[in-house]
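>>> Generate coordinates for the sequence data below:
(one chain, ligands or ions: 4)
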Amino acid sequence: MDSQISPIALFNLVAVLSKAMDLVSPLVVDHHKRTAWFAVHLAEEMGLRGKWINEILFSALLHDIGAFSLQERLDTLQFEFENPHHHACLGYSLLKDVEFFSQEAKIILAHHTWWKPEHDNDVGGERVPLASHVLHLADRVAILLGEDGHVPDRIEEVLGPIKARKGTVFMPRAVDALLGAAHKEEFWLGAMQPDVEDQLRLKVDPRFLEMGPIDLEPVARTFARIIDYRSHFTATHSAAVAYIAEVLARYLGFSENNCKTMKVAGYLHDLGKIAIPTEILEKAGRLDTGEYHRVQDHVVHTRNLLEKVPELGYGIRWASEHHERLNGSGYPEHSEGGEIAFGSRVLAMADVFAAVTEDRPYRKGVDRAKALRLLGRLTKEGYLDSEIFQVVKDNFDELSRVRTTAQADSLEDHRSRMECFEEMQVEF
Ligand SMILES: [Fe+2]
Ligand SMILES: [Fe+2]
Ligand SMILES: [Fe+2]
Ligand SMILES: [Fe+2]
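Ligands and ions are numbered 1, 2, ... in the order given. Below is the predicted model:
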């Protein structure tokens with residue numbers, strides 16, 4: 001893995017995150033991609049190019065990122081629904097200070113804000129970005145178009161409610177662009193094609209992704225935040241796993257580059273959890289069998305998603321195998337012994353170490369003696385690797401310190417984002 005990635009790799013990662021969000025229910029499948037398709041084509045019709053297209057594309061792919069629960073996602077499928085700004089504010093709070101997503105965050109914040117003729121509607125003291133109005137319209141076009149039936153038959157059903165709200169809800173310039181694009185079959189049918197992601201990739205203009213090669217670690221850290229904050233049970237878990245796995249890899253003699261890959265794999269190992277509704281992740285009682293299987297599926301999603309980003313190198317396999325166990329009792333492949341990569345075993349140890357030592361809202365983490373007893377037993381019974389356990393035993397205090405610091409930092413970050421979220425909501 002290169003620790004720096006290209007703009008196209010960044011696009012691939014964003015597309016992966018976008019796809020993960022849409023796995024939460026068949027009812028929202030491909031919503032982000034379709035919205036992105038419409039947004040980019042509307043923007044082009046309005047004469048926007050280069051940097052504008054990139055920002056509209058990336059923000060459209062991520063726009064409902066703050067809609068954590070299944071219910072909230074399903075609410076957004078109504079043409080008009082209550083408090084649309086809740087998920088917009090949360091999306092903004094998650095992305096706002098990430099260098100390469102800062103403009104996208106502002107666009108997402110206002111993606112349900114109505115256009116006003118006086119042009120002075122502002123959010124957080126700033127004028128609503130033009131791209132927010134484009135995204136708002138594209139999103140509603142995607143919703144009105146829905147899933148079923150022959151698209152050309154439904155075009156008037158889509159245009160009617162939008163024309164009726166031109167200049168009151170939707171920006172007139174954007175509506176004009178829609179009417180201009182509406183007579184092209186490609187505008188409608190292209191959004192429904194299976195290759196829409198490939199088509200969107202062609203729209204990325206690398207010249208305008210100003211930062212040049214992008215450092216992968218902060219991108220992965222942002223993703224981890226989005227994975228973790230969906231459940232307060234595990235709000236800092238991925239950060240802990242990333243740091244522990246990196247330190248373990250270093251003690252085990254991994255190359256510097258592979259240590260970095262390990263950290264990124266740690267951040268992303270539970271990516272597939274984005275496909276699990278928070279109603280299940282946050283359930284207070286026991287999960288029923290169906291729910292339990294749904295949780296286990298997260299690792300299959302992780303693999304399918306990460307495989308789309310070859311730049312992650314070994315990290316793909318390490319993350320995909322983090323629930324495999326040497327004695328074959330793991331999942332999803334039930335691989336055994338040497339079938340499981342050594343890096344995957346390191347990540348598995350980091351995952352279990354974090355899980356047993358971290359505090360959760362419903363229980364305290366276990367202390368040193370208990371943790372070592374537990375990990376020792378799991379090693380003896382063939383779940384975890386003995387060489388790696390020896391390193392844990394020899395360096396327990398250091399690993400504990402690393403975990404505590406990573407989780408405290410992550411918790412502080414979480415708190416400040418939630419504060420920002422509360423403040424932004426008051427704005428609307
Ligand atoms: Fe939305
Ligand atoms: Fe949406
Ligand atoms: Fe996991
Ligand atoms: Fe995990």
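>>> Just the element for the closest residue to ligand 2 within the stretch 101-250 of the chain, please.
Sorted by distance to ligand 2 under Cβ to the ion, the residues of the stretch 101-250 of the chain start with residue 139, at 4.2 Å. For every residue, glycine as well, the C-beta is placed using N, CA and C. When elements are assigned from DSSP states H and E, residue 139 belongs to helix 130-145.
>>> Run through the helices of the stretch 1-150 of the chain in chain order.
Taking DSSP state H, counting those that start in this stretch to define them, one finds helices in the stretch 1-150 of the chain at 7-22, 31-45, 51-62, 70-75, 85-95, 102-109, 130-145.
>>> mind putting those helices in TSV, mean pLDDT, distance to residue 301 and mean neighbour count included?
What follows is the helices of the stretch 1-150 of the chain, written out as TSV (pLDDT from 0 to 100; distance: least, Cβ to Cβ, whole Å; neighbours: other Cβ atoms under 10 Å):
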stretch	mean pLDDT	distance to residue 301	mean neighbour count
helix 7-22	90	7	22
helix 31-45	97	15	24
helix 51-62	95	17	24
helix 70-75	90	15	17
helix 85-95	92	20	24
helix 102-109	94	23	24
helix 130-145	96	23	24
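>>> export the ones you listed to CSV and tack on distance to residue 376?
Formatted as CSV, the entries for the helices of the stretch 1-150 of the chain read as follows, by distance: least, Cβ to Cβ, whole Å:
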stretch, distance to residue 376
helix 7-22, 35
helix 31-45, 45
helix 51-62, 43
helix 70-75, 40
helix 85-95, 38
helix 102-109, 45
helix 130-145, 52
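>>> for those helices, which one sits closest to residue 263?
helix 7-22 (15.4 Å; Cβ to Cβ).
>>> Kindly export that closest one (C-alpha atoms) in PDB.
Backbone C-alpha positions of helix 7-22 (Å, rounded to 0.1, in the frame of the first residue of the first chain) are rendered in PDB as follows:
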ATOM      1  CA  PRO A   7      -7.600  11.600  -6.600                       C
ATOM      2  CA  ILE A   8      -9.100   8.600  -8.400                       C
ATOM      3  CA  ALA A   9      -8.400   6.400  -5.400                       C
ATOM      4  CA  LEU A  10     -10.000   9.000  -3.200                       C
ATOM      5  CA  PHE A  11     -13.000   8.900  -5.500                       C
ATOM      6  CA  ASN A  12     -13.100   5.100  -5.200                       C
ATOM      7  CA  LEU A  13     -13.000   5.300  -1.400                       C
ATOM      8  CA  VAL A  14     -15.800   7.800  -1.300                       C
ATOM      9  CA  ALA A  15     -17.800   5.700  -3.700                       C
ATOM     10  CA  VAL A  16     -17.200   2.700  -1.400                       C
ATOM     11  CA  LEU A  17     -18.400   4.700   1.700                       C
ATOM     12  CA  SER A  18     -21.400   5.900  -0.400                       C
ATOM     13  CA  LYS A  19     -22.300   2.300  -1.400                       C
ATOM     14  CA  ALA A  20     -21.900   1.100   2.200                       C
ATOM     15  CA  MET A  21     -24.500   3.600   3.300                       C
ATOM     16  CA  ASP A  22     -27.000   2.400   0.700                       C
END
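>>> packing partners for that helix?
Using 3 or more Cβ pairs under 8 Å, 6 or more residues apart in numbering; DSSP states H and E as the contact test, the elements touching helix 7-22 are helix 31-45, helix 51-62, helix 196-201, strand 214-215, helix 216-228, helix 298-306.
>>> do that again at 10 Å, thanks
Taking 3 or more Cβ pairs under 10 Å, 6 or more residues apart in numbering; DSSP states H and E as the contact definition, the neighbouring helices and strands of helix 7-22 are strand 4-5, helix 31-45, helix 51-62, helix 196-201, strand 214-215, helix 216-228, helix 256-268, helix 298-306.
>>> C-alpha coordinates for the helix or strand where residue 244 lies, PDB please?
Here residue 244 is covered by helix 237-251, with elements defined by DSSP H and E. Extracted in PDB, the C-alpha atoms of helix 237-251 (Å, rounded to 0.1, in the frame of the first residue of the first chain):
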ATOM      1  CA  HIS A 237     -13.500   1.300  18.800                       C
ATOM      2  CA  SER A 238     -11.900   1.600  15.300                       C
ATOM      3  CA  ALA A 239      -9.400   4.200  16.400                       C
ATOM      4  CA  ALA A 240      -8.400   1.900  19.300                       C
ATOM      5  CA  VAL A 241      -8.000  -1.000  16.900                       C
ATOM      6  CA  ALA A 242      -6.000   1.000  14.500                       C
ATOM      7  CA  TYR A 243      -3.400   2.200  17.100                       C
ATOM      8  CA  ILE A 244      -3.100  -1.200  18.800                       C
ATOM      9  CA  ALA A 245      -2.700  -3.000  15.500                       C
ATOM     10  CA  GLU A 246       0.000  -0.600  14.400                       C
ATOM     11  CA  VAL A 247       2.000  -0.900  17.600                       C
ATOM     12  CA  LEU A 248       1.700  -4.700  17.500                       C
ATOM     13  CA  ALA A 249       2.900  -4.800  13.900                       C
ATOM     14  CA  ARG A 250       5.900  -2.700  14.800                       C
ATOM     15  CA  TYR A 251       6.800  -5.000  17.700                       C
END
